[in-house]
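Test case, fold it:
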Amino acid sequence: MRGLIATVSSLVLVAAFAAPALAQQATKIGQHNAWGTYSYQAAGGKVCYVLTVPTDKQPPTLDHGDMFFFVSQRPGQQISYEPQFIAGYNFQEGSKATVTIDKKSFSMFTRGKSAWVENAAEEPVLIAAMKTGTDMKVQAKSGRGNPTSYVFSLKGISAALASIAYIAFLPTMLGNLFYLFGVTALGPARAAAWWRPLPPPAVPRRTARTDLAARA
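Numbering: from 1, shown residues only. The predicted structure follows:
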C-alpha cells in the first residue's frame, strides 16, 4: 500500500507520467489529503480537475504502470463533474471497468487506456457516492486479458471538488458584482447596454472526456 507522502509525490508528478501535454500546461491548485486539484487551458476554456492515485494495485505480480482517477469540470460552461479512470496499459478491447463504493457499482466503458461512466446520468450518483464513501475499488481487464483491481482513497474528495467548484463559480460572481456596480453607477437601462457578457461556447456534454483522454 502506497503511503500518503508517496501519493502526494505522484500527484505532483502526474503530468509528467500521464501526459506530456499536461506536463507543459497543468497548474496545481492545491492538495486535499489524497486528492490534488489542477487546471489547464484548453481550446474551449479552462478545465479544472481533481486527481488521485491508487493505494493498492492487484495482482502485485503485474506491471500496472501509472494509474489515475480523475474528476474534471469546465468552469463557466455548465458541464457537471465527469469521472475518468486512466490506466498505465490498454484495456482489453470492448471490456468494461467497474467502480464500486460500499454496495454501489457503476459500469465504465473503455477506450485505449481510459474509461468513463457508461451511463452519463449515473455520473452525479457516482460523485455523490465518492463524497460519502471511504474507499473506491475499480476492477478492469488489461489488453492481455489479466483481471486487475485498484483501491483509491476518497479522503479529501469533497474538499477537492468544492475547490474547483469555487473556481467555476468565481467568474459568475464577479460578473454579477460588475453588473450591480453598473446599475448603481449608470442606472438599469445603461447598465444593461453596458453589461452584455458573451454566452459560453457550445460544448458537447462529454468534451472534457475527449480532452483528458487525448492527454492520457
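
would you list every one of the helices in the chain?
For the chain, the helices defined by DSSP state H occupy 4-12, 14-18, 20-25, 123-132, 157-186, 188-194, 207-214.

tell me the mean pLDDT for stretch 114-127?
Mean pLDDT, stretch 114-127: 95.

buried residues in that stretch?
Buried residues in stretch 114-127, counted by 16 or more other C-beta atoms under 10 Å: S114, A115, W116, V117, E122, E123, L126, I127. (C-beta placed from N, C-alpha, C; glycine too.)

Please name the nearest non-neighbouring residue to N119.
Distance criterion C-beta to C-beta, 6 or more residues apart in numbering; nearest residue to N119, sequence neighbours excluded, is S107 at 7.3 Å.

Equivalent analysis for F85, please.
Closest to F85 by C-beta to C-beta, 6+ apart is A115, at 4.3 Å.

List the contacts of the one you found.
Q84, F85, I86, A87, F91, A97, M108, F109, A140 (C-beta atoms under 8 Å, 6 or more residues apart in numbering).

which of the residues you listed count as buried?
The buried subset of those - by 16+ other C-beta under 10 Å - is Q84, F85, I86, A87, F91, A97, M108, A140.

Now do the same for Q25: its pLDDT.
Predicted confidence (pLDDT) for Q25: 71.

List the contacts of it.
Applying C-beta under 8 Å, 6+ apart, we find Q25 in contact with Y40, Q41.

and the gap between it and N90?
Separation of Q25 from N90 (C-beta to C-beta, to the nearest Å) stands at 24 Å.

now swap in A42 and tell me
24 Å.

Between the two, tell me which one has more neighbours.
Applying other C-beta atoms under 10 Å to A42 and N90 shows that A42 carries more neighbours, namely 18 against 14.

Run through the bridge partners of the more buried one.
The bridge-partner assignment for A42, based on DSSP bridges, gives G45.

so where is this protein shaky, pLDDT-wise?
Along the chain, segments meeting pLDDT under 70 span 1-24, 74-79, 166-216.

hmm, 90 instead?
1-29, 39-48, 73-81, 103, 163-216 (pLDDT under 90).

can you count the residues close to the closest residue to T134 other than its chain neighbours?
Distances taken as C-beta to C-beta, 6+ apart place L154 nearest to T134, at 5.9 Å, with adjacent residues excluded. Using other C-beta under 10 Å, the number of residues around L154 comes to 20.

Could you pull up the residues touching A140?
Per C-beta under 8 Å, 6+ apart, neighbours of A140: F85, A87, F91, S95, A97, T98, T110, A115, P147, T148, S149, Y150.
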